[in-house]
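Visitor: Sequence plus predicted model, see below.
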Amino acid sequence: MFGASDVAVAAVFGAVQAAFLLTLLMTCGWARRVSSVLAAPWPGLMFVALMIAVAWSLTPFGPGGAHPVWAYFGEGSGAITVDRSSVALNLLRFVGLACLFLAARIVGASETRRRALFWWMVLALGAFAALAIIDHVSLRASRRLTATLLSPNSAATLMGVGLVFAAAFFSQAIQRAGGALRLERLSLDASLALGLAAVFAVALALTASRAGIFSTVVGLAVLLTWQVLAQGRKLRAVAIVGGAAGLLIVIGVAMRSADLTAARLQNLEGDVAVRKVIFDAHWQAFLGSPWFGFGLGSFPIVNQLIATSENLNVLFDVRATHNLYLQWLEETGVVGTLMMTAWMLAALWRTGSEATKPGTVGTLARATIAAAIVVLLHGLSDFAVQVPALQALFVVGLGAITAVAPSRRTPPAIGWGTPAFAAGALLASLLVATPLVVSRFGGDMAWAPTASAEVLATSLEKDLARESKDPLVQKRMLATAHREVAMRPGSGGAWLRMAAVEFQRGDADAANRALDHSLSVAPLQTSLFESRTRLAYENWPSLTPAVRQQVMYQARIEFARSNGARRLTALANSIRNPSGRIGLAFLIVAERATQEQAKAAAGQ
């Protein structure tokens, strides 16, 4: 499902995660023997503190007060965030992940089940990696492997984590064999682990992710060195080092990716410059709201708020800051980032205490820390943790490895806290996910109180396309548009839909205000350019001079971009309003003349 990157699929996953925990508690007696940790300092109370820190952006109570964009409502209310809908959806996603974490802790409380969980996960990931390789070399036209994660960098993180755990299982098999590495005497699980490591290495190489490969090599080095030190004389260091060398050779010679990675390394300087533009722009954005950020999930809106003619060529199509820590600072501020860091450090500390134990338990803990190094190191220059499917995978690993085995004398727990938490999470997830899913399948549940901004936007787009003159339909559209902008006033698209509704209703003054707000919050948003420019020029006589100037400003910027003249000409030919079509045509002619003069001056 493309990493559950679609907001509707991610919401459904949250419901499934809550249902899994609830089913586990209801059907398995051994699951009810594991004590609840909801009220424990970690992870329960620290998770609550994190949720409060993230949710605080929904209020206006911060050092700088509500974000200035809320002033467009003129009602004296507002919030620190610019997108309440995304914050609410991400909070619900956190709750779903908490359910999955608790379920993984319950499973991981048994060392036998813990090992089985990790082993079957590695096998499943290996099958996924193999299918991704087959799909890449036989069907996909792209040069870099993306699997179903939409990004080769996200795929690289996943393959790196799989490679670390496959190497851990292989090294553990060697330890059980007394350090002897004889291929003809390898056990079935050792052979499978070695084969899986090779598959993961090939898939990683095909992603051609420089930072992903580097992070994985560092993670492997930490794991294998730690394994040697932990096993002492019981394990032959030569076998481990030799295995590591073999894996790196596979990465280096795998198919055609060695040349591809080398070519990308040659382009490193250019990519560093691009990353610098992204980092600088979003660092300045973070400084604008440093304590509580702009709201978790608000990156797309913030990215449009800070786009300028100088950085547009870089920012116009980025989906993340390509730096996990900068994005957390920008979205949740210093407070939220500190809470998340504290929770993560506590998890790694507990994992480290497990890593000192002998046998498979210690090996899995060491692999978990090595995998965390891969994820956190790669997060410096790329993104993967933002993908919901990978979030779920990491949560399962941390939950299982930090579980505490219950005493055999512990009677079955009768507590209601965890089942109630799971049931509440399931209900909330269903209430939010249902309108999203219905919307994806062509239905309309914009009337639901739990409908997110995405649902409202889809409903409005459908109603606007009908161009209905029915006063009742227009009244409903206006109410829906007001609800959407009240959720995310920083969205240029939300204000654009409001303007379109007002134009259909015949209220030119309100339409101009809404269009002005759309151009103010997202003056250069390329994804809105065609629809916003068409709406403006179709209603050109009704626009105020100030709005006209803003529309023409973006049109000039787009004209100067790649294929700008062709795109604007096609757009002008599609406009039905004669004055608007002539106005855009004059702009195109003027810009062409300016370009010709600039070329002539450069030639002289």
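Guide: Sure, I can see it.
Visitor: Show me which residues of the longest helix along the chain are buried.
Guide: The longest helix of the chain (DSSP state H) is helix 324-355. For helix 324-355, burial by neighbour count (16 or more other C-beta atoms under 10 Å) applies to 324, 326-333, 335-337, 339-340, 343, 347-348, 350-351, 354-355. Glycine gets a C-beta too; all of them are placed from N, C-alpha and C.
Visitor: Give me the contact list for stretch 339-351.
Guide: Contact with stretch 339-351 is made by 42-43, 46-47, 49-50, 53-54, 328, 332, 365, 368-369, 372, 398, 401-402, as judged by C-beta atoms under 8 Å, 6 or more residues apart in numbering.
Visitor: Distance of residue 532 relative to residue 477?
Guide: 18 Å (C-beta to C-beta, to the nearest Å).
Visitor: er, residue 1 actually
Guide: 31 Å.
Visitor: So between those two, which is more surrounded?
Guide: It is residue 477, of residue 1 and residue 477, that has more neighbours when counted by other C-beta atoms under 10 Å, with 26 against 13.
Visitor: Next, the more buried one: secondary structure please.
Guide: For residue 477, the assignment made with DSSP: H, G, I helix; E, B strand; the rest coil gives helix.
Visitor: can you check residue 219 too?
Guide: helix.
Visitor: just so I have it, where are all the strands in this protein?
Guide: Along the chain, counting by DSSP state E, no stretch forms strands.
Visitor: which stretches of it aren't confidently modelled?
Guide: Scanning the chain for pLDDT under 70 picks out 75-76, 141, 177-186, 231-271, 406-415, 603-604.
Visitor: What residues does residue 97 make contact with?
Guide: Applying C-beta under 8 Å, 6+ apart, the residues near residue 97 are 14, 17, 391, 392, 395.
Visitor: Tell me if I'm right that the second one and residue 392 touch.
Guide: To tie it back to what came earlier, the one meant is residue 17. Yes: proximity of residue 17 to residue 392 meets the contact threshold set by C-beta atoms under 8 Å, at 7.1 Å.
Visitor: Can you list which of the contacts of residue 97 are found in helices?
Guide: 14, 17, 391, 392, 395.
Visitor: what separates the closest residue to residue 62 other than its chain neighbours from residue 492, distance-wise?
Guide: With sequence-adjacent residues excluded and distances taken as C-beta to C-beta, 6 or more residues apart in numbering, residue 62 is closest to residue 80, at 4.7 Å. From residue 80 across to residue 492, the span is 20 Å (C-beta to C-beta).
Visitor: what does residue 3 give?
Guide: Taking C-beta to C-beta, one finds residue 3 at 26 Å from residue 492.
Visitor: cool, residue 196 as well?
Guide: Taken as C-beta to C-beta, the span from residue 196 to residue 492 is 46 Å.
Visitor: just to revisit the earlier point, what is in contact with residue 17 and residue 392 at once?
Guide: Contacts common to residue 17 and residue 392, judged by C-beta under 8 Å, 6+ apart, are 97, 100.
Visitor: circling back: which of the ones in helices among the contacts of residue 97 sits closest to residue 122?
Guide: residue 392 (15.6 Å; C-beta to C-beta).
Visitor: what number of residues lie near that closest one?
Guide: Neighbours around residue 392, by other C-beta under 10 Å: 23.
Visitor: For the nearest residue in space to it that is not next to it in sequence, give me its contacts.
Guide: Counting by C-beta to C-beta, 6+ apart, the nearest residue to residue 392 once its immediate chain neighbours are dropped is residue 100, at 5.9 Å. Contact analysis of residue 100 by C-beta under 8 Å, 6+ apart lists 17, 20, 21, 392, 395, 396, 399.
Visitor: Likewise for residue 455?
Guide: 435, 436, 439, 445, 446, 448.
Visitor: what does residue 542 give?
Guide: Contacts of residue 542 by C-beta under 8 Å, 6+ apart are 503, 508, 511, 512.
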